[in-house]
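*Asks:* Here you go, sequence then predicted model.
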Amino acid sequence: MNNYATKEGSLLNRVVLVLNSNYAPMTITTSKRAICLFFLDKVEVIETYDDRIHSPSRTLQLPSIVKVKDYINYNSMNVVLTRKNILLRDKQQCQYCACKSNILTIDHIIPKERGGYDSWDNLVTACQNCNRKKGNRTPEEARMPLLKHPKKPNRIHYFQQFIKESQRNWKPYLFLEAF
């Protein structure tokens, strides 16, 4: 595979902010999906990256923010409780020792066997060592205080973590600065 193909592939996986027709943030998708939606005439490109993508017949500036053309009745500010989203919330770091190990687990603060359940405020990221050390105890019983108390993120906080230098034009749409 040549460098051009590798670069094009990575460009197609760039993150794109999707806004509803009223400019409310809805989701994050890949640039590949955003380009497909653009050619299906379902979205309007609002902001672009500096990069361009090429086909045999066209050159297109890579979308950074798109807005759906027809309003979608979508008012959820919830973030789905998944392993991936817990890892994102906890910044890929053990919430007991702060290590950023390659192998992280999800730990129940109050163990399931003791009435704990799967919820945003009972699940944290833990390295394997800390998870084994804590075992079937609470953090207090194991004398392993949490770095921060877990809480449920809202969708805006979820979007904000995707903002890097190349996404600074997202800030006004995510209530981080004035237009």
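*Replies:* Cool, got the structure.

*Asks:* Could you measure from the residue most central in space within the chain over to E47?
*Replies:* The chain has Y158 as the residue nearest its centroid, 5.5 Å off, counting by Cα atoms, centre = their mean. In this view, Y158 and E47 are 19 Å apart by Cβ to Cβ, to the nearest Å. (Each C-beta comes from the backbone N, C-alpha and C, glycine too.)

*Asks:* For the chain, which segments count as helices?
*Replies:* Here the chain has its helices, by DSSP state H, at 3-12, 31-39, 83-89, 128-134, 139-142, 155-160.

*Asks:* so T48 makes contact with Q61?
*Replies:* Yes - with contact defined as Cβ atoms under 8 Å, T48 counts as touching Q61 (4.1 Å).

*Asks:* Which one of these two is surrounded by more residues?
*Replies:* Using other Cβ atoms under 10 Å as the criterion, T48 and Q61 rank with T48 on top: 17 against 13.

*Asks:* Report the beta-bridge partner residues of the more buried one.
*Replies:* T48 has the following beta-bridge partners by DSSP bridges: P63.

*Asks:* List the contacts of it.
*Replies:* By Cβ atoms under 8 Å, 6 or more residues apart in numbering, T48 lies in contact with 61-64.

*Asks:* Could you dump those residues into JSON lines and include distance to K164 and pLDDT?
*Replies:* As requested, the contacts of T48 are arranged in JSON lines below (distance: Cβ to Cβ, whole Å; pLDDT from 0 to 100):
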{"residue": "Q61", "distance to K164": "18", "pLDDT": "95"}
{"residue": "L62", "distance to K164": "14", "pLDDT": "96"}
{"residue": "P63", "distance to K164": "16", "pLDDT": "97"}
{"residue": "S64", "distance to K164": "11", "pLDDT": "96"}
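
*Asks:* distance between the ends of stretch 112-129?
*Replies:* 19 Å (Cα to Cα, to the nearest Å).

*Asks:* who touches that stretch?
*Replies:* 81, 86-87, 89-90, 92-97, 99, 101, 103-110, 134, 136, 138, 146, 149-153.

*Asks:* Please list only the buried members of the residues you listed.
*Replies:* 86, 89-90, 93-96, 101, 104-105, 107-109, 134, 150, 153 (16 or more other Cβ atoms under 10 Å).

*Asks:* Can you give me the distance of I156 to Y23?
*Replies:* For I156, the distance to Y23 - Cβ to Cβ - is 13 Å.

*Asks:* again, but for K42
*Replies:* 16 Å.

*Asks:* buried sites along stretch 122-133?
*Replies:* 122-127, 130-131.

*Asks:* which one of these is nearest N73?
*Replies:* L123 (30.2 Å; Cβ to Cβ).
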